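Asker: sequence first, then the predicted structure:
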Amino acid sequence: MHRRIVGLFSMVALAFAIQAIAAGTASAHSLTVTASASCSNGGAVISYTAISWNPGGTGGSNTEIDILFNGVKVDAQPFSLGTTPPDQFSGQMPAPSDTNTVIVEGVASGAWDDGFQNGQTSSATVAVPSNCSPGTGRFTGGGKQVVVGVATVTKGFEVDCDLTTPSNNMEINWSDASGGTHHFHMENFVSAVCTLNGNPAPPKAPVNTIVGVGTGRYDGIEGYTVQFTLIDNGEPGTNDQAGFMIYETANPTNVVLSFPVMTITTGNIQAHVDQR
């Protein structure tokens, strides 16, 4: 009887030990998201950083970490050993309009490099400033970007940092890997954050980067949102960059174009002094 009781206690202890190890491993495979909100040349902007549980170590890399603002995905990057520092990234996007607070959430939607299951989350809540002064500057241009086997994107635009120019417009056309062609026409310019992170000259301009949001028609159908980044890195435009994400406004998981910020293949992105 004594041996049976001892054996039973041993089995229970082993079961608890296994559960503790599993729980420890599950909690270890996680991420931490920090965020802050501020004004940047006329608009509220949210800066965020996502960090792995084990930067540079085994199990610390992940193929896709999503960043969401109030449940809407605004960015997706990997935790990679190739970044400095490894297995973390930072970004900045315009704050959503018509809200005083934003929940910035990170979601591990990809695979960890040691095969551990995904689904871990982390979040931070930030207060959005409401007294940002109007921005200055505008952007014009167009051109083509090509990623072999993914998409070819052409675009034309004129967008103003303070949203006031009547001719704010953006046209995006692309062909996907299967040969299909698509079109987006921006009808409403919703928000923009402009910053000076490089030298756009010539001509001189107070800004060289715009991160904006607009709504419009995708393949002639209303109800789609575009998030875009345009960067003027000077003349003759061979180092200019752009990136686009287009999704169904009512269903943000329905992304119809996700094109990372990259150097344009042809054309030019030009920053200007505001016309006012």
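Answerer: Cool, got the structure. Numbers count the residues shown, from 1 in each chain.

Asker: what's the local residue count around residue 34?
Answerer: The local packing of residue 34 (other Cβ atoms under 10 Å) involves 15 other residues. C-beta here means a position set from N, CA and C on the backbone, and glycine is covered the same way.

Asker: tell me the contacts of it?
Answerer: Contact partners of residue 34, counting by Cβ atoms under 8 Å, 6 or more residues apart in numbering, are 48, 49, 51, 124.

Asker: what does residue 113 give?
Answerer: Counting by Cβ under 8 Å, 6+ apart, residue 113 has contacts 58, 59, 60, 61, 62.

Asker: near the closest residue to the first one other than its chain neighbours, how many other residues are there?
Answerer: Read it as residue 58. Nearest residue to residue 58 in three dimensions, chain neighbours excluded: residue 114, at 5.8 Å (Cβ to Cβ, 6 or more residues apart in numbering). The number of residues packed near residue 114 is 13, by other Cβ under 10 Å.

Asker: quick check, residue 114 in a strand?
Answerer: No: with DSSP: H, G, I helix; E, B strand; the rest coil as the criterion, residue 114 is coil rather than part of a strand.

Asker: I'd say it and residue 57 touch.
Answerer: No: judged on Cβ atoms under 8 Å, residue 114 makes no contact with residue 57 at a distance of 9.9 Å.

Asker: residue 130 is in what secondary structure piece?
Answerer: For residue 130, there is no host helix or strand (DSSP states H and E).

Asker: mind starting the numbering at 121 from now?
Answerer: I'll keep to 121 as the first residue from here, and by that count the last item is residue 250.

Asker: that one - how many residues pack around it?
Answerer: Neighbours around residue 250, by other Cβ under 10 Å: 8.

Asker: please report how far it lies from residue 312.
Answerer: 16 Å (Cβ to Cβ, to the nearest Å).

Asker: try residue 246
Answerer: 19 Å.

Asker: so where is this protein shaky, pLDDT-wise?
Answerer: Applying pLDDT under 70 to the chain picks out residues 121-147, 161-162, 251, 253-255, 268-270, 285-286, 395-396.

Asker: nearest residue to the middle of it?
Answerer: residue 195 (2.1 Å; Cα atoms, centre = their mean).

Asker: list the contacts of the spatially closest residue to residue 318 that is not a sequence neighbour.
Answerer: Once flanking residues are discounted, residue 318 sits nearest to residue 328: 5.0 Å by Cβ to Cβ, 6+ apart. Taking Cβ under 8 Å, 6+ apart, we find residue 328 in contact with 315, 316, 317, 318, 319, 320, 351, 352, 353, 391.

Asker: compute the first-to-last residue distance for stretch 212-227.
Answerer: 17 Å (Cα to Cα, to the nearest Å).

Asker: next: stretch 292-309.
Answerer: End residues of stretch 292-309 are separated by 14 Å (Cα to Cα).

Asker: in it, which residues are buried?
Answerer: By 16 or more other Cβ atoms under 10 Å, the buried positions in stretch 292-309 come out as 292, 294, 302, 304, 305, 306, 309.

Asker: what segments of the stretch 171-320 of the chain are strands?
Answerer: 182-189, 192-199, 208-214, 221-228, 241-247, 258-267, 271-280, 289-296, 301-315 (DSSP state E, counting those that start in this stretch).

Asker: just checking, what packs against the third one?
Answerer: Counting by 3 or more Cβ pairs under 8 Å, 6 or more residues apart in numbering; DSSP states H and E, the packing neighbours recorded for strand 208-214 are strand 163-172, strand 182-189, strand 192-199, strand 301-315, strand 329-338.

Asker: 10 Å instead, please
Answerer: strand 151-160, strand 163-172, strand 182-189, strand 192-199, strand 301-315, strand 329-338, strand 341-351 (3 or more Cβ pairs under 10 Å, 6 or more residues apart in numbering; DSSP states H and E).

Asker: residue 205 is nearest to which of the ones you listed?
Answerer: Nearest to residue 205, of all these, is strand 163-172, at 8.5 Å by Cβ to Cβ.
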